[in-house]
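Trainee: Kindly return the folded structure for what I paste below:
(2 chains)
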Amino acid sequence: GEKVEQHESTLSVREGDSAVINCTYTDTASSYFPWYKQEAGKSLHFVIDIRSNVDRKQSQRLTVLLDKKAKRFSLHITATQPEDSAIYFCAASITGGYKVVFGSGTRLLVSP
Amino acid sequence: AQTIHQWPVAEIKAVGSPLSLGCTIKGKSSPNLYWYWQATGGTLQQLFYSITVGQVESVVQLNLSASRPKDDQFILSTEKLLLSHSGFYLCAWSPTGGNERLFFGHGTKLSVL
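Mentor: Residues are numbered from 1 along each chain as shown, chains lettered A, B, ... in the order given. As a prediction, the model looks like this:
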């Protein structure tokens, strides 16, 4: 089955810097790649996603890049703010599927 | 607007005791429903999903069962809790059809002692 590896377990940046979180997946049939944010002690909420028919998607300070050849996707956060501090999870699922596989999470710490 | 409510917010249970966790979605007909488990500080493991009333698919075997008795309700249960069942249980929904974003409930923190 699909496996998603999230490469950075912890990432520390200074406020205003950029942060990049990288994920790789194994199943070439995966076609939907969402990202979720989990603040301390809370549930997850959706931040951005990308589908396999594009290789880049931007929403305000967030950009997702998808490299299907390398089976890699990444989340780029620019102009980081302290409120960006959280655990970020990448995930993958195959077209028409209901199984969503998550990465292990990256704890992002943005210091003032 | 759609809302998702999970109950209870937290539970402390003894090993060997039964468990029932619930989830209700309002404002969305025929949602896809999911149960996820998160060990403390860990990743999320999908447990079950359901695309219609009365139909539940198991993704991983963890001595848990799930049911969807109504279109807007998803129940997770077991007759006998294990220590390994401790963690954070999250219910989620997505619009009809696959490959859509998940909307998570606030979760249930379960401690098995």
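Trainee: Could you give the number of residues near residue 95?
Mentor: In the absence of a named chain, this looks at chain A. By other Cβ atoms under 10 Å in any protein chain shown, the residues close to residue A:95 number 12. Using the backbone N, CA and C atoms, a C-beta is placed for each residue, glycine as well.
Trainee: let's do chain B instead
Mentor: Considering only other Cβ under 10 Å, residue B:95 is surrounded by 14 other residues.
Trainee: Backbone torsions only: list them for it.
Mentor: Here is the backbone geometry of residue B:95 (degrees, to the nearest 10): phi -60, psi 160.
Trainee: Which residues are in contact with residue A:85?
Mentor: Neighbouring residues of residue A:85 by Cβ atoms under 8 Å, 6 or more residues apart in numbering or on different chains: A:39, A:108-110.
Trainee: Could you find the residue in chain A that comes nearest to chain B?
Mentor: residue A:32 (3.9 Å; Cβ to the nearest Cβ).
Trainee: And that residue, which helix or strand is it part of?
Mentor: Using DSSP states H and E, residue A:32 maps to strand A:30-38.
Trainee: Direction included, what does that strand pair against?
Mentor: Within its sheet, strand A:30-38 is paired with strand A:44-51 (antiparallel), strand A:86-94 (antiparallel), according to DSSP bridges.
Trainee: Alpha carbons of the shortest one, in PDB - could you do that?
Mentor: Going back to what we said before, that points to strand A:44-51. Extracted in PDB, the C-alpha atoms of strand A:44-51 (Å, rounded to 0.1, in the frame of the first residue of the first chain):
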ATOM      1  CA  LEU A  44      -6.300  19.000  12.300                       C
ATOM      2  CA  HIS A  45      -7.500  21.500   9.800                       C
ATOM      3  CA  PHE A  46      -6.900  21.700   6.100                       C
ATOM      4  CA  VAL A  47      -4.400  24.200   4.700                       C
ATOM      5  CA  ILE A  48      -3.800  23.500   1.000                       C
ATOM      6  CA  ASP A  49      -3.900  20.700  -1.500                       C
ATOM      7  CA  ILE A  50      -2.600  19.800  -4.900                       C
ATOM      8  CA  ARG A  51      -3.800  17.400  -7.500                       C
END
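Trainee: Quick check: closest non-adjacent residue to residue B:110.
Mentor: Nearest non-adjacent residue to residue B:110, counting by Cβ to Cβ, 6 or more residues apart in numbering or on different chains: residue B:11, 5.1 Å away.
Trainee: Quick check: the one you found touching residue B:19?
Mentor: Yes - at 7.2 Å, residue B:11 and residue B:19 qualify as touching, with contact defined as Cβ atoms under 8 Å.
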